[in-house]
Every structure is written in structure tokens, then in C-alpha cells.
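S.K.: The sequence and its predicted three-dimensional model are supplied below.
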Amino acid sequence: MTSARSDAELLAAHLDGDRAAFAELVGRHTERMWGIAVQTLSHRDDAADVVQEALLSAHRNAHRFRGESSVRTWLNRILVNACIDRIRRESVRRTVPWPAHDVPARRGDTANDLATRLAVEDALAELPTEQRLAVVLVDVQGFSVAETAQILAVPVGTVKSRCARGRTRLARLLGHLREGA
């Protein structure tokens, strides 16, 4: 059963020793964090690791939350930083292409739906990290441009330009899907 406490109240309760409070925060935000990580990293195992790292970091550093943004924004900022760190580490270490996608088809997916989803994931992976994060947060996860700017710690105009450049590049990369329609 979910309590009526706000995220800020849950974080404060966690800091006061309420063990269930942080677990409730995790329950509220893990699904969206998972979505951001999967879309940003394009690999389910990496996404799972990064979400776990981000939540562990938030748990350990909850005392550093200053309340300048919402708890949701703070958690997503920690997640985005963990994603960026993972991308940087992988780009330094990777010497062979990533293995084929291990994303299982959802029930009812046709072969065409699966091919489209995989093409979109591949196209997102082609974007520079900054553009990919902006597009995933705004267009895939539905964050506002203002909240995305807070999460990424950049001006609103920067988010808008990164989204515009990312969408333009995605349109080029995914143009073949339009031609088949």
C-alpha cells in the first residue's frame, strides 16, 4: 500500500531512520528510471546495473539533497550521471561491436513491430550522448524541457537544441521506416 507522503517527506523520513521510506521512493521511481537507462544505454544488463548504482548512490547521499529541485529530478540526475559514466567507460574499453540486441519481443508484437523497435534503439545509440539523453528524457519519457534542463544541469535552450539536433539525426537514420509505410 502506497502512503500519501510526498517524495520529500519520504526522503526526510529515510534520513530520520525510517527504513521503509526509501523503499517506497524506489518503488515510485524505479520503473521510469529503468526506462531512461534502457533507452540511453541500449543494453538491458547495463541499464540494470546503472539503475542499481544510481539508487545506491541516492541512498548513501540522501543527506546531500538540498531541496533545490524535486526528489524525482534529483534521482534522475543521479541516474543520468551514472549513464554518462557508463557510456564513457564503455567507449574507452569497447574494441568490438556490441552483441546483437537481447530485447525480447513483447506479447503480440509482429515481426515488423520488433524490427521497428530495434531500428529505433539502434538509431538512438548512434546519437551523441548529450542528444540521446535529451531526446530520451523529453520525447520518450515525457519530461518537460524545463525538468530535463534541471536533470541535465544545462539551460533550457541547450535542451531544445539538443532535442532538435537529435530528432533531425533520428529522422535521417530512420527515414527507411517512413519509405516502407
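M.R.: Now that the structure is in, tell me what you want to look at. Keep in mind it's a predicted model, so treat the numbers as computed, not measured.
S.K.: With adjacent residues omitted, what lies nearest to L174?
M.R.: Closest residue in space to L174, ignoring its immediate chain neighbours: A123 at 5.2 Å, by Cβ to Cβ, 6 or more residues apart in numbering. (C-beta placed from N, C-alpha, C; glycine too.)
S.K.: Any stretches of the protein with poor pLDDT?
M.R.: Scanning the chain for pLDDT under 70 picks out the ranges 1-3, 91-109, 179-181.
S.K.: Closest to the centroid, which residue in it?
M.R.: In the chain, the residue lying closest to the centroid (Cα atoms, centre = their mean) is I36, at 1.9 Å.
S.K.: now whichever strand or helix holds that residue, how far from the centre of its chain.
M.R.: For I36, the host element (DSSP states H and E) is helix 19-41. Mean-position distance between helix 19-41 and its chain equals 10 Å (Cα atoms, centre = their mean, to the nearest Å).
S.K.: Tell me the buried residues in the helix or strand containing D113?
M.R.: Take DSSP H and E as the rule and D113 turns out to sit in helix 111-126. Within helix 111-126, the residues that qualify as buried are 120-121, 123-125, counting by 16 or more other Cβ atoms under 10 Å.
S.K.: next one: stretch 149-166
M.R.: 149-152, 154, 158-159, 162-163, 165-166.
S.K.: One more: stretch 44-53?
M.R.: 46-47, 50-51, 53.
S.K.: How about residues contacting that stretch?
M.R.: For stretch 44-53, contacts defined as Cβ atoms under 8 Å, 6 or more residues apart in numbering pick out 30, 33-34, 37-38, 40-41, 79, 82-83, 86, 90, 102-103.
S.K.: Same question for stretch 68-76.
M.R.: 7-8, 10-11, 25, 29, 32-33, 36, 54-55, 58, 65, 77, 137, 143, 147, 150-151.
S.K.: And the buried residues of stretch 149-166, which two are furthest apart?
M.R.: By the measure Cβ to Cβ, Q150 and R165 form the most distant pair in the buried residues of stretch 149-166, at 20.2 Å.
S.K.: which ones are touching the residue nearest to the centre of the chain?
M.R.: Going by Cβ under 8 Å, 6+ apart, I36 touches 76, 79-80, 83, 136-137, 140-141.
S.K.: again, 7 Å this time
M.R.: I36 makes contact with 76, 79, 136-137, 141, according to Cβ atoms under 7 Å, 6 or more residues apart in numbering.
S.K.: Give the other helices and strands that the very next helix or strand once past the helix holding D113 contacts.
M.R.: Going down the chain from helix 111-126, the next helix or strand is helix 129-135, by DSSP H and E. Packing partners of helix 129-135 (3 or more Cβ pairs under 7 Å, 6 or more residues apart in numbering; DSSP states H and E): helix 71-93, helix 145-152, helix 156-173.
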